[in-house]
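>>> Whatever this is, show me its structure:
(4 chains, ligands or ions: 4)
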Amino acid sequence: MSDPRDLVMRLDRITKRFGALTANDAISLTLRRGEVVALLGENGAGKTTLMNILFGHYVADDGRVEVFGEPLPPGNPRAALAAGVGMVHQHFTLADNLTVLDNIRLGTESLFSRGASRATARARVEALSRDFGLAVHPDARVGSLTVGERQRVEILKALYRNARILILDEPTAVLTPQEAEALFATLRRAIAQGLSILFISHKLHEVMAIADRCVVLRHGKVVGEVATAETSGAELAAMMVGGEIALPEARPATAGKVLMRLDGVTTPDKGAAPGLKRVTLDLRAGEIVGLAGVSGNGQAALADLISGLILPGSGSVSMDGPLARWSPREAIRQGIARIPEDRHKTGTIADFTLTENAVLEGYWQTGFSKAGLMDWRAAESFAEGIIAAYDVRCPGPAARIRLLSGGNMQKLILGRVLEPGPKIILANQPVRGLDVGAIAYVQSRLIAARDGGAAVLLISEDLDEIMGLADVIHVMSEGRLSPGFARGSKTAAELGLWMAGQGFDHAA
Amino acid sequence: QDTIKIAGIYTVPVEQQWVSRIHIAAEAAKAAGGVDYTYTENVANTDYPRVMREYCESGVNLIVGEIFGAEAEAREVCAEYPDVKFLLGSSFMPDEAVPNLAVFDNYIQDASYLSGIIAGAMTQTGSIGMVGGFPIPEVNRLMNAFMAGVKETRPDAKFQVSFIGSWFDPPKAKETAFAMIDGGADLLYAERFGVSDAAKEKGVLAIGNVIDTQADYPETVVASALWHFEPTLNAALEAIRAGSFKADNYGVYSFMKAGGCSLAPLGTFEGKVPEAAMKLVAEKEAAIKDGSFTVAIDDNEPKSS
Amino acid sequence: MSDLFDILLSVSFWAAAIRIASPLIFATMGELICERAGVLNLGIEGIMVIGAFAGWMAVYLGAPLWLGVAAAMAAGMLFGLLHATLTVPFGLSQHVVGLGVTMLATSTSYFAYRLALPEVTSPPKITPFAPMDLPILSDIPFLGPVLFQQTALTWAALICAGLVGFVLFRTPLGLAVRAAGENPAAVEAQGLSVTGLRMGAVVVGSGLMAVGGSFLTLSAFSSFFFEMVNGRGWICIALVVFGAWMPGKAVLGALLFAAFDALQIRLQQTPLGAHLPYQVFLMAPYLLSILALILMSRRAEVPAALMVAYRKGER
Amino acid sequence: MRLDPIAAPPLSRQIGLPALALVATLLVAMALALIAGADPLATLGLIAKGAFGSKFAALETLNRATPLIFTGLAVAVAFRAKLWNIGAEAQLYAGAIVAVLLGTGALGAPLVLPVSALAAMLAGALVLLGPVVLKTRLGVDEVVTTLLLNFVMLLFVSYLLEGPMKDPMGMGWPKSPALIKEARLPRIVDGLRLHWGFALALIAAVAVWVIQSRTTLGFEMRAVGQNREAARFAGMPVNVVLVKTALLSGGLAALAGWSEVAGLKGHLSSDLSPGFGYTGIIVAMLALLHPLGVVLSALFVAAIFVGSDSMSRAAGVPTYIADMLLATALLFMVLALMLTRYRVVWK
Ligand SMILES: Nc1ncnc2c1ncn2[C@@H]1O[C@H](COP(=O)(O)OP(=O)(O)OP(=O)(O)O)[C@@H](O)[C@H]1O
Ligand SMILES: Nc1ncnc2c1ncn2[C@@H]1O[C@H](COP(=O)(O)OP(=O)(O)OP(=O)(O)O)[C@@H](O)[C@H]1O
Ligand SMILES: [Mg+2]
Ligand SMILES: [Mg+2]
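Ligands and ions are numbered 1, 2, ... in the order given. Presented below is the predicted three-dimensional model:
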């Protein structure tokens, strides 16, 4: 184990500052042949920054990177690739309008050559797909792929270049549990072939399952390094946040009257994404309805419908009587709090300030504006209120929201939608990409809202999250909705069968 | 005697045919002595009054140029600088209230008419193509006189008329001329650069206008109606020297009588134009000069026939 | 109606269309390369002017015609380099830099022309490219004169379009350029230089635009005139969009536009011309382009990173 | 080379760099003068004199800035919402046409000025509305449609001036009849050309600033420009906002044409604008799309142009130097403004 020839990569006292902030503070780290190291830490701890330095996107202020004993020139992704480092970024780096094959070949051949024939390249990609279980069609447009498939393309990109070291930044954050399982299967094959893997994740059970060793960062410093076998999830979590985390505990609910009813609602399909197929669903005061299912099975349509973005094709939606008009604005007016799936693209405007983002959907209400004139003072004090009450860590309400970490962005959105005291809360993947501390915080807020009498619809691909939080669980498959199952009435395995599409025929 | 400082203000580059005649006359006056000449070209009409003022302030004695697109404002500037004389191309008449502004235009219909007589005699098909920039009076006037001349020798002549909507797009003028040749024209009236080139390439004839381009197209350009700005300018200079410059219409100095226009020498086409036509040209020229015949001035947009 | 058919069936009409299209094809290919790499090049109009000027000036000073084309290309590349430097590594607004380059290139051409030829009142001429009368080929009925009596520069335009298509879609370089216009981050993650690719594309594209401009002074006509480019550059911007960023379709678009133009010239002489003001005919190519754009719009795939500056290390 | 953002740029940088851009432009001016055989040292004084050297010169600079403020605002408003309106030139002419339609006797005082201004704005708005509806309904690229409409509009104006709108008393020259006295914007200083259109332009800039920073519409326009998807999700009527933006933008551009006709020319001709619509894009970008900045950048552009144009005559240099210097100043200035916020790091 301690044979120095095994050492494939060594980061030595890497330091990176962004203005006054030290994102990486003298971080040292090693990776051995065939080893899987997990890099853990809160949102904003400096994990991605470190990986970006290693790969050459950023230039460190201090420190050096060695790969296979050779120092890596700073700021040069080309050199990193040549040295056998492959990286799958937290936000994928694929060109949507190009094919899978083109994305993989990009940059692998001399620019001023004719290039290898398409057939040769394609054969190689197909062989790699087979060997590593990365099924994806080489001629498909990347834009038409699911998230899981895109990730396979990213990994293929690295393998195609014979990467010996694979860096994965939050690879499972956007994957379904099934896709994550498949990813791990792939990674195990890769390890067997001698690859070394450095990966970042907030999901501690995954870390426990696959990593050999864990390195924990806090505020840019290494605060701990342990062999996985010698630790536990709870211990890791404590190390990350520097203290114990109070996990939310869900008390049984007392459901009240129906606040929203979907009755036989059907919506049109949107490209590959199925619409709703005669869905009937009640949302009751004081109850969390959990919606489980593999992503891309109609959850988006349901969320869009409740958000006001689309109208039912047939069937009816009612809240205290049938809905006359339906639009995002109307949904807000009716007291629906909407936490969107993608906080970066849909939930916030990156270059707007926290204040502006705080009133993004309520600016037209009296209080924030009068006769078309904005009352910015009121808006700012609203934002300040959220910052204080929801513990949003930020430089202040005038900062651009781009500067916030995902968790803090999510807290602002939470405050924005919960402060008006909504009747219904639509929470679509509310904790995706957040660290354990932030997850616990968001979940406890949702439970508090339920206890205050709100109806909550929680959409998640994480079965553990659903089973832990929801009072009633529905499963979605190909746009169809299962009957509601009371908390604890179904095991994970049973729900998994529903998610695979079994049981619907009898129910219908 | 003091030198007279002339400033030219042109809204187009001095390569534009119309302006080039003024520019050449001014350069000639300068070369002849007693005159100083500077100019500024490509002045937008929006800026024209400002440029006039700047020159006035700089102490010039005479401003020449064109105010077709800035009449009202330009006249205001003239009124404000009574000591500076203005000789400007304009569609309007002189105004006693602005005694220091005299106007002119290229009234060369006489020469155009004569060139038309030759054209009528030279066309075989009787189909004539005419490519213009914009249908403005200066252009229309010459085209109409030319057409009247053609009718003298070829009463059944047909005309194809097109405007390309630009002063400076020879490729486009050339394409338009090509289309007319396709349409049967065997003689082109070259109001724009580019037309003679098309004629040359396709081996048909052309009649020049305002300037003489036969040297560039010896086999193509039969005759040209030339404008000479010298009489106009010289008359103005004399009036200034004599202290008698006043609101006046200098348009007449472009007439053939005054030597303001002429038919270019036939040059390479000497002897190739039918005798009868040349005789008619000589007759008409004499009649124009002695005043027994006047070519009608018609500023309306000519139409294809 | 029969007039229209006569025109559409005539050799000279189609020959004219190809002739009118030639400068547009060069410049459209140039713009297409820039936009494929993610840079909108509004310098095109001015770069065509400098191309028209530089090409003509070189020949006027005694260079052979092809050297004139090369001079045009070099001048275009120089202004392309200016555009690229400001928009790519510095990431300045592509709108403002493009218009600035147009203004600079245009005024530089005029300024230089006036300094070089201060005394001239009738622009001097050079001997331009002559139509290539290829034996046998030119004698093919209809197609012969339409295709084989064009100048060598027209042929160069068609070959250039083919070459651009080949490089963009069949070589690693083309793939990299296209990727730079789709997602610069993906390009960098694969170890390529976004800056290098984009700058290269803009420089080469600008060179082609300038060659398009030189077509006007070296083939379509024989002297340099101020304002002779007359909005052709802007048309090429439209043609790129019309062609959905595909070289083949863009060439078709250029031919279509040129055919409209050749058609309107001819229609003016039909009885229709007597009834409608000439401006209606001059408008037709623009209006029909808009119409065609509306019909095509749904299928176009805009390069995703077009007009998006990429600064390394910034998210 | 890498650019590092500067969190709080020091004042020295914010003033120093633009000043440096100006100095660099003047150096170019001297070099060009030298090439053209003029005295390089004299050029600097001549530029300043031409732009500000007298009351007349200063007012001429303001005068030339007036339409640029309007078109600059038009572009700034549209670009803020990521509506790429390259068609301010066409909208300008639409406004000019209306100024003539209503100003030649159709309406009398006191109605004519306000009514024709509003009608002009409406006309400009309608010209932009077409491309915007095509964009929102059919996804047709507005860069191209607005650009092409400039050519169409210019030909349309040419048709009007040679046809139905031709001045019967114009001696055949293609221009419109003159506006009646009541339809003219009065001059600010007797005898000099500056007119109340300039004051109107300043008012428009302040109004746009208030709209953008203080109103819900301004908030919506910015949101739609930054992130259309998030704006839609937040309940903003995205297409309605785009249409409103188009109305405002087209209306402002139209005011440029309207004020040139009503304030300066008194009639319409097809050379009313030497590209004010296109220069407006430059003005707007130079101002970083800030409405008050538009005023400054319009003055800057006007001063450089008027100053160097005047210098070209005094120094005997080809007049095209004015555009060269304007372009140079512009490129230096955008670069300098960017570098006030970023530091160049060579590695
Ligand atoms: N480009 C940048 N410019 C300025 N500051 C940055 C930049 N990138 C990162 N930072 C700062 O560095 C800190 C660490 O960011 P990093 O992306 O490494 O966090 P992370 O650990 O990957 O977080 P997460 O778990 O949310 O992915 C952030 O809090 C941020 O303030
Ligand atoms: N341009 C930037 N300037 C300063 N900080 C930045 C910038 N871009 C990103 N960051 C910082 O980098 C960190 C990571 O950014 P990233 O986009 O990965 O978000 P995240 O926290 O991982 O959120 P999510 O998990 O939702 O994607 C954030 O904490 C943010 O503060
Ligand atoms: Mg990260
Ligand atoms: Mg994250």
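
>>> When you work out contacts or count neighbours from here on, use the C-alpha atoms and nothing else.
Will do.

>>> quick one: contacts for the residue of chain D at minimum distance from ligand 2?
For chain D and ligand 2, the shortest gap (CA to the nearest ligand atom) falls at D:Pro5, measuring 9.1 Å. Contact analysis of D:Pro5 by CA atoms under 8 Å, 6 or more residues apart in numbering or on different chains lists D:Arg341, D:Tyr342, D:Arg343.

>>> On the pLDDT front, check the nearest residue to the second one once chain neighbours are set aside for me.
Excluding its sequence neighbours, the residue lying closest to D:Tyr342 (CA to CA, 6 or more residues apart in numbering or on different chains) is D:Pro5, at 4.3 Å. In the predicted model, D:Pro5 carries a pLDDT score of 82.

>>> Over to D:Val127?
Per-residue pLDDT puts D:Val127 at 96.

>>> Next, count neighbours for residue 76.
Using chain A. The local packing of A:Asn76 (other CA atoms under 10 Å in any protein chain shown) involves 21 other residues.

>>> was after chain C, sorry
Look at C:Gly76: counted by other CA under 10 Å, it has 33 neighbours.

>>> and it, that one's in a strand?
No. Counting by DSSP: H, G, I helix; E, B strand; the rest coil, C:Gly76 is not part of a strand but helix.

>>> and the residue of the stretch 201-305 of chain B found nearest ligand 1, how many neighbours does it have?
Of all residues in the stretch 201-305 of chain B, B:Glu201 sits closest to ligand 1, at 63.8 Å by CA to the nearest ligand atom. Per other CA under 10 Å, the neighbour tally for B:Glu201 reads 12.

>>> For the helix or strand encompassing it, list every residue counted as buried.
Assigned by DSSP states H and E, B:Glu201 falls within helix B:195-202. Of all the residues in helix B:195-202, those buried under the rule 16 or more other CA atoms under 10 Å in any protein chain shown are B:Val195, B:Ser196, B:Asp197, B:Ala198, B:Ala199, B:Lys200.

>>> A:Val226 in helix, strand or coil?
strand.

>>> Show the contacting residues for it.
A:Arg213, A:Cys214, A:Val215 are the contacts of A:Val226 under CA under 8 Å, 6+ apart.

>>> Now, those residues that are in strands?
Among the contacts of A:Val226, the members found in strands (DSSP state E) are A:Arg213, A:Cys214, A:Val215.

>>> Mind putting those into JSON lines with pLDDT?
Below are the ones in strands among the contacts of A:Val226 laid out as JSON lines (pLDDT from 0 to 100):
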{"residue": "A:Arg213", "pLDDT": "94"}
{"residue": "A:Cys214", "pLDDT": "94"}
{"residue": "A:Val215", "pLDDT": "95"}
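
>>> and of those residues, the nearest to chain C?
Lowest distance from chain C to these (CA to the nearest CA) belongs to A:Val215, with 24.9 Å.

>>> what about that closest one, neighbour count?
A:Val215 has 22 nearby residues by other CA under 10 Å.

>>> And the strands in chain B?
B:4-9, B:35-40, B:62-66, B:85-89, B:101-104, B:127-132, B:158-163, B:187-190, B:205-210, B:221-227, B:261-263.

>>> So is the second one next to chain D?
Yes. Counting by CA under 8 Å from any CA of the partner chain, contacts between strand B:35-40 and chain D involve B:Thr38, B:Tyr39, B:Thr40.

>>> need those residues in JSON lines with pLDDT and distance to ligand 2, can you?
As requested, these are exported to JSON lines (pLDDT from 0 to 100; distance: CA to the nearest ligand atom, whole Å):
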{"residue": "B:Thr38", "pLDDT": "94", "distance to ligand 2": "57"}
{"residue": "B:Tyr39", "pLDDT": "95", "distance to ligand 2": "55"}
{"residue": "B:Thr40", "pLDDT": "95", "distance to ligand 2": "52"}
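
>>> which one of these sits closest to chain D?
Ranked by distance to chain D (CA to the nearest CA), the residues of strand B:35-40 next to chain D are led by B:Thr40 at 6.4 Å.

>>> Most neighbours among the residues of strand B:35-40 next to chain D, please name it.
B:Thr40 leads these on contacts (other CA under 10 Å) with 23 neighbours.

>>> who's in contact with the closest residue to that residue other than its chain neighbours?
The spatial neighbour of B:Thr40 that comes closest, neighbours along the chain excluded (CA to CA, 6+ apart), is B:Ile9 at 5.2 Å. Shown in contact with B:Ile9 (CA under 8 Å, 6+ apart): B:Tyr39, B:Thr40, B:Glu41, B:Val43, B:Tyr48, B:Val51, B:Met52, B:Ile63, B:Val64, B:Gly65, B:Glu66.

>>> which residues does B:Ile9 bridge with?
Note on B:Ile9: beta-bridge partners by DSSP bridges are B:Thr40, B:Gly65.

>>> any idea of the pLDDT on it?
For B:Ile9, pLDDT reads 97.

>>> if we can go back for a sec, just put the strands of chain B in TSV and tack on distance to B:Glu175.
Listed next are those as TSV, based on distance: least, CA to CA, whole Å:
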stretch	distance to B:Glu175
strand B:4-9	32
strand B:35-40	32
strand B:62-66	29
strand B:85-89	31
strand B:101-104	33
strand B:127-132	10
strand B:158-163	11
strand B:187-190	13
strand B:205-210	15
strand B:221-227	18
strand B:261-263	27
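
>>> Compare the ones you listed and give me the one nearest B:Ser244.
Among the strands of chain B, strand B:85-89 comes nearest to B:Ser244, with 10.8 Å by CA to CA.

>>> In the stretch 201-305 of chain B, which residue sits nearest chain A?
When distances are taken as CA to the nearest CA, the stretch 201-305 of chain B reaches nearest to chain A at B:Glu201, 43.2 Å away.

>>> Next, please give the residue ranges for the helices of the stretch 51-200 of chain D.
Assigned by DSSP state H, counting those that start in this stretch, the stretch 51-200 of chain D shows helices spanning D:55-80, D:88-103, D:112-133, D:142-162, D:196-214.

>>> dump the residue contacts of whichever residue of the stretch 51-200 of chain B sits closest to ligand 1.
Minimum separation of the stretch 51-200 of chain B from ligand 1 (CA to the nearest ligand atom) falls at B:Asp169, amounting to 51.4 Å. Residues near B:Asp169 by CA under 8 Å, 6+ apart: B:Phe193, C:Phe225, C:Glu227, C:Met228, C:Val229, C:Asn230.

>>> again, only this time at 6 Å
C:Met228 (CA atoms under 6 Å, 6 or more residues apart in numbering or on different chains).

>>> What values do phi and psi take at it?
Dihedral angles of B:Asp169 (phi, psi; degrees, to the nearest 10) stand at phi -140, psi 70.

>>> returning to that earlier point: got the contacts of D:Pro5 as TSV, with secondary structure, pLDDT and neighbour count columns?
Converted to TSV, those look like this (DSSP: H, G, I helix; E, B strand; the rest coil; pLDDT from 0 to 100; neighbours: other CA atoms under 10 Å in any protein chain shown):
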residue	secondary structure	pLDDT	neighbour count
D:Arg341	coil	89	17
D:Tyr342	strand	91	17
D:Arg343	strand	89	14
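
>>> Surely B:Ser304 is in contact with B:Ser162?
No. With contact defined as CA atoms under 6 Å, B:Ser304 does not reach B:Ser162; the gap is 8.0 Å.

>>> Please identify the most buried of the helices of the stretch 51-200 of chain D.
Mean neighbour counts were compared across these using mean count of other CA atoms under 10 Å in any protein chain shown; the top stretch is helix D:88-103, at a mean of 30.
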